[in-house]
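S.K.: Based on what follows, work out the 3D shape:
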Amino acid sequence: MSKPRRKSKPVPPLGWTTRGLVTRTKDADTIVVVVARLVTLRILDNWAPEVHETAIPGEKRKGFKAKDFLDELLAEHGDEVTVQIPPGDTSLVPDVAKTQTLGRQLSRVWLSNGAEIA
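M.R.: Predicted coordinates for the structure are as follows:
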């Protein structure tokens with residue numbers, strides 16, 4: 001007789017994962033989170049109109065609307081989020097410097113209810 005197989009649990013992607021507290025929404029794809037220190041995160045796969053880096057009035061207006069939506073989402077689900085910073089390459093140790101853009105850390109973010117912001 002063969003041994004019964006255990007059900008496998010989902011394996012999280014490589015990277016660094018932790019809980020954090022959102023302190024500020026900069027725009028709809030950038031938030032400021034306290035982990036061990038204050039970190040500005042660029043949420044991966046969350047493309048939104050710019051608020052700060054545009055001179056186009058229509059884009060800025062849409063950007064503020066999208067930012068308001070993210071603020072409402074965080075207000076509804078709480079400011080505590082799970083942050084996952086993917087590795088910058090295929091090594092087992094994430095190279096955080098390779099996952100930064102414009103002073104922001106690229107990351108994936110989940111709300112307290114488990115829904116991913118993207």
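
S.K.: Number of residues surrounding the nearest residue to Ala118 once chain neighbours are set aside?
M.R.: Spatial nearest neighbour of Ala118, chain neighbours left out: Asp45 (4.2 Å); criterion: C-beta to C-beta, 6 or more residues apart in numbering. For every residue, glycine as well, the C-beta is placed using N, CA and C. By other C-beta atoms under 10 Å, the residues close to Asp45 number 9.

S.K.: Do I have it right that Asp45 meets Ile117?
M.R.: No: in this structure Asp45 lies outside contact range of Ile117 using C-beta atoms under 8 Å: 9.2 Å.

S.K.: hmm, back to that, any idea of the pLDDT on the residue nearest to Ala118?
M.R.: Predicted confidence (pLDDT) for Asp45: 84.

S.K.: From Leu102, how far off is it?
M.R.: 17 Å (C-beta to C-beta, to the nearest Å).

S.K.: OK, contacts around Val83?
M.R.: Thr17, Thr18, Arg19, Gly20, Val33, Val35, Val39, Leu41, Ser107, Arg108, Val109 (C-beta atoms under 8 Å, 6 or more residues apart in numbering).
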